[in-house]
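Q: below is the sequence, then the predicted model.
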Amino acid sequence: MPSLADTYYECASGLLARAREANAPVIARLAPQIGESIARGGVVHTFGSGHSELISREIIGRAGGLVCVTGIIDPTGGFIENLPGYGELLAARYDRQYQLKAGETVIVISNSGKNASPIDVALYAKARGLTVAALTCVAMSKATPSQHTSGRRLFEVADHVLDNCGVPGDALVDLGGGVSGGPTSTLAGCSILNWLMLSVAEWLKANGHPLPVLRSQNLPGAIDHNRELASRYRGRLSRQLA
C-alpha cells in the first residue's frame, strides 16, 4: 500500500497536469494584455486574503520574476475578510498610496472565491478600469454560497478565471474517518502564477521589449541590478527591494 505522502504526490502531480491544460487558454489570452500594460510602464497588482496571501506573494520581489509586481496586503491576515466593505477600503487605501491605474491587471486569489474582501477588491479594481484575473477553485466556489453582499462569487466578477483545479475543502488525501489532508491550492496556485509570468516575459521578449527580471540578490552585482530595475517604478511597489 502506498504511503500517504506517495498518494499525495501522485494525486497532486495529476492535478498539476490538469491545471496546466485547463489554464493554458486563459494564460494565452491574459499574458499579452499584461505584457502590453508592462510595455507602457504599468505594474501588476496581486491580492490574496488569509492563506491565499502566501500565493499572492510568490511573484512579488521574486528572484527570476518580474520586478513590476506589487501586492495589496491585508494587515489583519484575513481575520475580518467578511466584514462588509472592508476589502473596498483596503483597496482604496492601497490605491491612494501605490495607484491602481486603468489598463493594468490585478490578480485576486481566493481558493473558495466566496469571501467578501477578495470580491470587494475585484469590484473596486474593475470600477477603476483594471483587468481582473481571479485565481480560485471553481469547484469549491460553485459548492459554497457567497459571503459578499452582492451574492456573487469571485469567478463571477472576474474578467479572466484561473482555476487551480482543486477539490472542495482543498485537501485530497483520504485520512479516514471523514478527514482529508494534503492541500493543493498553494502548489497549483504558485505554479499557475509562474506559468503566467513566464508567458508575459515571453510576450515581452517576442515583441522587442526589455525583460525587467529580478536576479537573486545572492549573485554578484544582483542588488545593484535589482535596485536599478525598481527605480523605474518608484512609488508604485509595495515591497522595498534591498
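A: Noted; the coordinates are in hand. Numbering: from 1, shown residues only.
Q: show me where this structure has helices.
A: Counting by DSSP state H, the chain has these helices, from start to end: 4-39, 52-57, 86-98, 116-127, 138-142, 154-157, 185-206, 222-231.
Q: relative to its centroid, which residue of the protein is most remote?
A: residue 1 (36.7 Å; CA atoms, centre = their mean).
Q: separation between that one and residue 177?
A: For residue 1, the distance to residue 177 equals 17 Å [CB to CB, to the nearest Å]. Quick note: C-beta positions are derived from backbone N, CA and C, even for glycine.
Q: what of residue 83?
A: From residue 83 over to residue 177 (counting by CB to CB), the distance is 34 Å.
Q: repeat that for residue 47.
A: From residue 47 to residue 177 the distance is 36 Å (CB to CB).
Q: who has more neighbours, those two?
A: Between residue 47 and residue 177, residue 47 has the larger neighbour count (other CB atoms under 10 Å), namely 27 against 5.
Q: skip the chain neighbours and tell me the closest residue to residue 4.
A: Once flanking residues are discounted, residue 4 sits nearest to residue 173: 5.7 Å by CB to CB, 6 or more residues apart in numbering.
Q: got the confidence number for that neighbour?
A: The model reports residue 173 with a pLDDT of 96.
Q: was I right to think it contacts residue 8?
A: Yes - with contacts counted by CB atoms under 8 Å, residue 173 reaches residue 8, the gap being 5.0 Å.
Q: what sits closest to residue 149 if chain neighbours are left out?
A: Using CB to CB, 6+ apart, the nearest residue to residue 149 is residue 84, at 5.7 Å.
Q: and that neighbour, what pLDDT?
A: 95.
Q: repeat for residue 189
A: 98.
Q: the one 4 residues further on too?
A: Per-residue pLDDT puts residue 193 at 98.
Q: so which of the helices of the chain is nearest residue 104?
A: helix 4-39 (5.2 Å; CB to CB).
Q: that closest one packs against which elements?
A: In this structure, helix 4-39 makes packing contacts with strand 44-48, strand 105-110, strand 131-136, strand 160-163, strand 171-176, strand 179-183, helix 185-206, judged by 3 or more CB pairs under 8 Å, 6 or more residues apart in numbering; DSSP states H and E.
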